[in-house]
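Participant: return a 3D structure for these sequence lines:
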Amino acid sequence: MRNGGKVGLHLWREREVEGVSIFEVFIWVLLFTSFLALYRAIRGPSVYDRVVGINAVGTKTIVVLVLIGYVYARPSFFDIPLLYAILNFISVIVIAKYLERGRVDE
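Facilitator: Here you go, the predicted model:
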């Protein structure tokens, strides 16, 4: 590696196209798709659409945390999204069980 194994914002700045870095493009795309998922969570025609919308927002939050950890070379920012992903997965399973059976008892 050119920088002695360090990963940071300068690597993102090397990949600029006409003054816009790839990191900025990723953030804007994630922000736009998060608003679409949030809209689906609020206005979803069914409860299942709302659960999927909330799950999508949670997944995009995980991606943002991983990107921030990568850009600022903070390994602790990779542990937090992993725990958040596990909680997101478990909560969707619990909600799906509740919607299917009317109770959660296992």
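
Participant: use CA for all of it now, contacts and neighbours both
Facilitator: Will do.

Participant: neighbours around the residue nearest to P75 when sequence neighbours are not counted, how many?
Facilitator: Distance criterion C-alpha to C-alpha, 6 or more residues apart in numbering; nearest residue to P75, sequence neighbours excluded, is G69 at 6.4 Å. By other C-alpha atoms under 10 Å, the residues close to G69 number 20.

Participant: list the contacts of S34.
Facilitator: Residues in contact with S34, defined by C-alpha atoms under 8 Å, 6 or more residues apart in numbering, are 56-57, 60.

Participant: quick one: pLDDT of L82?
Facilitator: At L82, the model reports a pLDDT of 91.

Participant: tell me the contacts of it?
Facilitator: L82 makes contact with I62, according to C-alpha under 8 Å, 6+ apart.

Participant: ok, it to A73 distance?
Facilitator: Per C-alpha to C-alpha, to the nearest Å, L82 is found 16 Å from A73.

Participant: the chain: helices as residue ranges?
Facilitator: Taking DSSP state H as the criterion, the chain carries its helices at 9-14, 22-43, 47-71, 76-101.

Participant: how close does the spatially most central residue of the chain get to G102?
Facilitator: Residue closest to the average C-alpha location in the chain (C-alpha atoms, centre = their mean): K60, at 2.1 Å. Distance of K60 to G102, computed by C-alpha to C-alpha: 29 Å.

Participant: my guess is G69 contacts F77. True?
Facilitator: Yes - taking contacts as C-alpha atoms under 8 Å, G69 lies within contact range of F77: 4.7 Å.
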